[in-house]
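In: quick check, what structure comes out for this input:
(one chain, ligands or ions: 1)
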Amino acid sequence: MRIDVVTIFPGYLAPLREALLGRAIEAGLVELGVHDLRDWTHDVHQAVDDSPYGGGPGMVMRPQVWGEALDAVLGDAPARLVVPTPAGRPFTQATAQAWAGEERLVFACGRYEGIDQRVVDAYAQRMPVDEVSIGDYVLVGGEVAVLVMVEAVVRLLPGVLGNPVSAQEDSFSDGLLEGPAYTRPVSWRGLDVPDVLRSGNHAAIARWRRDRALERTAARRPDLLDALPDHALDRTDRAF
Ligand SMILES: COc1cccc(Cn2ccc3ccc(-c4cc(N)[nH]n4)cc32)c1
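Out: Modelled structure (predicted):
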């Protein structure tokens, strides 16, 4: 997979070259390009924003600069264009799974009050464009959202995670939250590891883990339970 990011703060994307993602890039599993939007300005001030038509607070990012930058970065290769915005569709594990199958992702990181809508509209005429939100809170720009989304996608690529099974058994992959996890020591500050996890009874362990996941999901994210298809819950699950 090739990933390109266009931003006025390239340094914000430096963490993508650290740790697991950095190793995936070094191993050639992912190619990453980070581009400074201001490289496509032509004025001495390198202006990328202007006042909003219709008035209102803040500034909007100019379409011309974005058009030149995205034309240059995209070239003729097909790609999915992703534009983080608080007004976007929710980015979920299902989104990450879908994007993990893409050859190429290009992320347009806005700042100020966002990017002129015509940039999305123009590129949507010739490629898939997703305006996505990573949560119901407002950030200052798209860079942090891109860090989140790139990590969620790249970890799903074959060869990236040391233990690939865990990507299939993720939180959310079965529609439930992950239950509690424990490791040594057996007792810590007067708190003990649940006996069942040390019993060696794998059926009992699987049942206990599912019960804890259901319990946690019912308590913290009842919306996920409501969204589960009927066949996803068996008779013993229905106690939650
Ligand atoms: C566009 O409308 C906006 C309204 C008020 C502030 C901002 C600031 N801003 C600029 C670019 C940008 C990109 C993404 C996000 C963002 C995403 C999520 N989930 N929260 N916040 C915020 C961004 C934009």
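In: ok, L37 - contacts?
Out: V6, T7, I8, V48, V65, W66, A69 (CB atoms under 8 Å, 6 or more residues apart in numbering). C-beta here means a position set from N, CA and C on the backbone, and glycine is covered the same way.
In: what subset of those is buried?
Out: Burial by neighbour count, judged by 16 or more other CB atoms under 10 Å, picks out V6, T7, I8, V48, V65, W66, A69 from the contacts of L37.
In: for the helix or strand hosting A24, list the C-alpha coordinates in PDB.
Out: Secondary structure from DSSP states H and E places A24 in helix 19-26. Taking C-alpha atoms only, helix 19-26 is exported to PDB below (Å, rounded to 0.1, in the frame of the first residue of the first chain):
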ATOM      1  CA  ALA A  19       7.900   1.800  15.900                       C
ATOM      2  CA  LEU A  20       5.600  -0.700  14.300                       C
ATOM      3  CA  LEU A  21       4.600   1.600  11.400                       C
ATOM      4  CA  GLY A  22       8.200   2.600  10.900                       C
ATOM      5  CA  ARG A  23       9.200  -1.000  10.600                       C
ATOM      6  CA  ALA A  24       6.400  -1.700   8.200                       C
ATOM      7  CA  ILE A  25       7.800   1.100   6.000                       C
ATOM      8  CA  GLU A  26      11.300  -0.200   6.300                       C
END
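In: chain center to it, what's the gap?
Out: Put simply, helix 19-26 sits 17 Å off its chain's centre (CA atoms, centre = their mean, to the nearest Å).
In: mark which of the contacts of L37 are part of helices, please.
Out: V65, W66, A69 (DSSP state H).
In: quick check: which element contains R210?
Out: Assigned by DSSP H and E, R210 belongs to helix 202-220.
In: what does the protein put close to the ligand?
Out: 84-87, 110-114, 133-135, 137-142, 145 (CB under 6 Å from any ligand atom).
In: what about this structure, any weak spots by pLDDT?
Out: Along the chain, segments meeting pLDDT under 70 span 165-171, 173.
In: residue nearest the middle of it, spatially speaking?
Out: Nearest to the mean C-alpha position of the chain, counting by CA atoms, centre = their mean, stands M149 at 2.1 Å.
In: quick check, that one in contact with P84.
Out: Yes: between M149 and P84 there is a contact under CB atoms under 8 Å: 7.4 Å.
In: hey, what's in contact with both of the two?
Out: F107, V132, I134.
In: which one of the residues you listed has the most neighbours?
Out: Greatest neighbour count in these, by other CB atoms under 10 Å, goes to F107: 24 neighbours.
In: what about the strands in this structure?
Out: 2-7, 31-36, 49-50, 60-61, 80-90, 104-108, 129-133, 187-188, 191-192 (DSSP state E).
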